[in-house]
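Asks: show me how the following folds:
(chains A and B)
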Amino acid sequence: MSAPRTLYDKIFDDHIVDRQEDGTCLLYIDRHLVHEVTSPQAFEGLRVAGRRVHAPTKTLAVVDHNVQTTDRRFGIEDPESRMQVETLAENARDFGIEYFNELDKRQGIVHVIGPEQGFTLPGTTIVCGDSHTSTHGAFGALAHGIGTSEVEHVLATQTLIQKKSKNMRVTVDGKLPDGVTAKDVTLAIIGTTGTAGGTGFVIEYAGEVFRNLSMEGRMTVCNMSIEGGARAGMVAPDETTFAYVKDRPRAPKGAAWDAALRYWDTLHTDDGAFFDKEVRLDGASLPPIVSWGTSPEDVISVEGLVPDPDLITDEGKREAKKRALAYMGLTAGTRITDIAIDKVFIGSCTNARIEDLRAAAQIVAGHTVREGVSGMIVPGSGLVKLQAEAEGLDAIFKAAGFDWREPGCSMCLAMNADKLGPEERCASTSNRNFEGRQGFKGRTHLVSPAMAAAAAIAGRFVDIRQWRGPV
Amino acid sequence: MDKFTTLTGVAAPLPLVNVDTDMIIPKQYLKTIKRTGLGKGLFSELRYLEDGSDNPDFVLNKPAYRNASIIVAGDNFGCGSSREHAPWALLDHGIRCVISTSFADIFYNNCFKNGILPIKVTPEQLEALFDDASRGANAVVTVDLESQTVTGPDGGSISFEVDPFRKHCLLNGLDDIGLTQVKAEKIHDYEAQLAADRPWA
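Replies: Below is the predicted model:
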């Protein structure tokens, strides 16, 4: 009998086209997502070398990073952004790739639309020139970001040159308290492991907490694997996964569905399989989390105080955290709930799915955004937007004074007009609080959708577990 | 891709940890459809003042380091976004080698695709290299990929590890796609098997 294998081992093994003596593998890629920012140079490379796309039907293209979130019926306003969008449209047409343009109701953030369309399936290998491709691991797929040279390689050959990563398991058992969400779990994990803790690893998320999460919640967790340094994170597929995938436009149907299910049922880590690193957290004791610095590892409980860097012994780390506090305009010892905010962004591939919007709307209903605060809701896709509108969520947000926008990456990385001004402070459901990420000198605090919604109403951070409305 | 064999140049110290790719090349420079010309955006939020003039305190603006071809940086260099614009910007500015105690996976990979050598060293070696790099224009360091060594201005030398296949590709400036296309038949066979085993995929 063969040695027990992890979920990652199994998917990796099933995709090896060739293995060299030194362990370098040629890995087959089942699904390739393409967006406008990291692909133009790859298509240009194909043209220069006279190469074609090896498997156009295994590739799906969409615009998301550059599109404005205001009315687009009259085109993309910014000339450089328009050029990138038009370039993708032209490349998709020339190379025979399906493409969702900015007016297509299926358009949205690449990591929202893949699952939505059933393009993302358990047991597949999925890549995209985007680090948050780790999102798709929520389906028990091996999914990770790649650079543009690799995008070109996948387009030309449908394979990737890879060495196997190490296995890491993050187990979170227990029942999450009310108000504590997938976002808090993933921030707590990164706070524990650090932003480089996952470097060289593929993470499997195991335990009661992930089993009980919806697909949306699992996507939030896997999405942020990269913020912990792991290229990929995954959750073994189960009934929740299959129920989400079934009947999606690109999901297998009929006999093919049954055959797929038989294979997907084998996709779990065998008893006794070896993990190079194990991390355990207790889900029942997790609080809502807020980031205070400029790295996703700079996190603390909403009940906490801004930490004092002088207490850090490692010099490099101490200097980095001092720099972060200065950048954030915060003083050590300040209560997190005393931090006032200027803007709220609810969106991004981390938290812009229907469940996220429902969670935010539930908090917002009947309240108004605090005077002096501006709030923006950017649905993850056109389909999420339509669903939210069908449920009346847009009316709740608009009545409260939020902007209700068109789908895209928006202020997560501020490539379009949605950005923070210098020193503006934002409660954001996105994934990165890096310096300048949401705008030059902008200050980002990463939180869950419910925490962001409550912050918009209160004008500062509040402990969502005690939320009774504005005071 | 240009070959990388040996490199002798000024090493600039950047003693920050977690230098992310947003810091290396901010998003406003990602709207290009070309690989070239990104050097002007390299570290732009550190390198330029608000009025657009050079920040004299930033290391690459100091006269001694204007021609640096090596960066010595703190742990976890290149974390965050997968943007290959980061190595493109480094290369366009003339940086061919980055030395740190660790690199984020995607950035590390992207370097090798662009003729840039990322070198992992121990924390003690990094400290010594920071000392070397702090000597300004005298901070001349030689990197030899074939022998896998870094030699400092005093002649002291350290060795480093690099994956043999990546080393081979870098030494010879090999095109990955060309190498893979030699295996076209294996890809074809895999696809035939896939169609039989997992047709839905």
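
Asks: the longest strand in the chain is where?
Replies: Picking chain A for this. Determined from DSSP state E, the single longest strand within chain A is strand A:166-173.

Asks: nope, chain B please
Replies: strand B:6-14.

Asks: now do the same for that strand: mean pLDDT, whole number.
Replies: Averaged across strand B:6-14, the pLDDT comes to 97.

Asks: also stretch A:231-243?
Replies: On average, stretch A:231-243 scores 98.

Asks: mind listing what's buried in that stretch?
Replies: A:231-238, A:240-242 (16 or more other C-beta atoms under 10 Å in any protein chain shown). Quick note: C-beta positions are derived from backbone N, CA and C, even for glycine.

Asks: and the longest strand of chain B, what does it pack against?
Replies: strand B:70-73, strand B:97-100, helix B:123-133, strand B:140-144 (3 or more C-beta pairs under 8 Å, 6 or more residues apart in numbering or on different chains; DSSP states H and E).

Asks: from the chain's centroid, how far away is that strand?
Replies: Relative to its chain's centre, strand B:6-14 lies at 12 Å (C-alpha atoms, centre = their mean, to the nearest Å).

Asks: residues in contact with it?
Replies: Applying C-beta atoms under 8 Å, 6 or more residues apart in numbering or on different chains, the contact partners of strand B:6-14 are B:59-60, B:64-65, B:67-74, B:96-97, B:99, B:117, B:129-130, B:132-134, B:137, B:139-146.

Asks: ok, and which of those residues reach chain A?
Replies: B:G74 (C-beta under 8 Å from any C-beta of the partner chain).

Asks: can you flag the buried ones in the contacts of strand B:6-14?
Replies: Buried, going by 16+ other C-beta under 10 Å: B:59-60, B:65, B:68-74, B:96-97, B:99, B:117, B:129-130, B:132-134, B:139-143, B:145, out of the contacts of strand B:6-14.

Asks: strands of the stretch 151-300 of chain A, start to end?
Replies: A:159-162, A:166-173, A:201-206, A:232-234, A:277-282, A:289-291, A:299-301 (DSSP state E, counting those that start in this stretch).

Asks: tell me which of those strands sits nearest to chain B.
Replies: strand A:159-162 (6.0 Å; C-beta to the nearest C-beta).

Asks: what pairs with the closest one, parallel or antiparallel?
Replies: Sheet pairing of strand A:159-162 (DSSP bridges) gives strand A:25-28 (antiparallel).

Asks: CA atoms only for the partner strand, dumped as CSV, please.
Replies: Output of strand A:25-28 as CSV, limited to C-alpha atoms (Å, rounded to 0.1, in the frame of the first residue of the first chain):
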residue,chain,number,x,y,z
CYS,A,25,8.2,18.9,-12.3
LEU,A,26,6.1,20.0,-15.2
LEU,A,27,2.7,20.4,-13.8
TYR,A,28,-0.5,20.3,-15.9
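
Asks: if we can go back for a sec, distance to A:P79 and mean pLDDT for the helices and strands packed on strand B:6-14 - can I get that in CSV?
Replies: Output for these, formatted as CSV (distance: least, C-beta to C-beta, whole Å; pLDDT from 0 to 100):
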stretch, distance to A:P79, mean pLDDT
strand B:70-73, 33, 98
strand B:97-100, 33, 98
helix B:123-133, 41, 96
strand B:140-144, 41, 97
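
Asks: out of the ones you listed, nearest to A:K246?
Replies: With C-beta to C-beta as the measure, strand B:97-100 is the member of the helices and strands packed on strand B:6-14 nearest A:K246 (46.0 Å).

Asks: okay, angle between the helix or strand following that closest one and strand A:201-206 too, please.
Replies: Downstream of strand B:97-100, the next assigned helix or strand under DSSP states H and E is helix B:105-112. Inter-element angle recorded for helix B:105-112 and strand A:201-206: 160 degrees (by axes from the mean of the first three to the mean of the last three C-alpha atoms, to 10 degrees).

Asks: give me the contacts around helix B:105-112.
Replies: Residues from elsewhere that reach helix B:105-112 (C-beta under 8 Å, 6+ apart): A:131, A:144-150, A:165, A:199-200, A:229, A:231, B:21, B:77-79, B:82, B:84, B:86-87, B:98, B:103, B:117-118, B:166, B:169-170.

Asks: do the same with stretch B:89-100
Replies: For stretch B:89-100, contacts defined as C-beta under 8 Å, 6+ apart pick out B:4, B:7, B:9, B:11, B:24-25, B:29, B:36-39, B:41-42, B:60, B:67-78, B:111, B:114-121, B:126, B:129, B:143, B:150.

Asks: could you list the low-confidence segments of the stretch 1-150 of chain A?
Replies: A:1 (pLDDT under 70).

Asks: next, the distance between the ends of stretch A:411-423.
Replies: 15 Å (C-alpha to C-alpha, to the nearest Å).

Asks: buried residues in that stretch, which are they?
Replies: A:411-416, A:418-420.

Asks: pLDDT of it, averaged?
Replies: Over the span of stretch A:411-423, the pLDDT mean works out to 96.

Asks: what do you get for stretch A:373-390?
Replies: Stretch A:373-390 comes out at a mean pLDDT of 98.

Asks: same thing with stretch B:53-63?
Replies: For stretch B:53-63, the mean per-residue pLDDT is 97.

Asks: residues of the top helix by length along chain B that come out buried?
Replies: When chain B is parsed with DSSP state H, its longest helix is helix B:184-197. For helix B:184-197, a neighbour-count test (16+ other C-beta under 10 Å) marks B:186-187, B:190, B:194 as buried.

Asks: need the residues you listed in JSON lines with pLDDT and distance to chain A, can you?
Replies: Shown next, in JSON lines, are the buried residues of helix B:184-197 (pLDDT from 0 to 100; distance: C-beta to the nearest C-beta, whole Å):
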{"residue": "B:K186", "pLDDT": "98", "distance to chain A": "5"}
{"residue": "B:I187", "pLDDT": "98", "distance to chain A": "6"}
{"residue": "B:Y190", "pLDDT": "98", "distance to chain A": "5"}
{"residue": "B:L194", "pLDDT": "97", "distance to chain A": "7"}
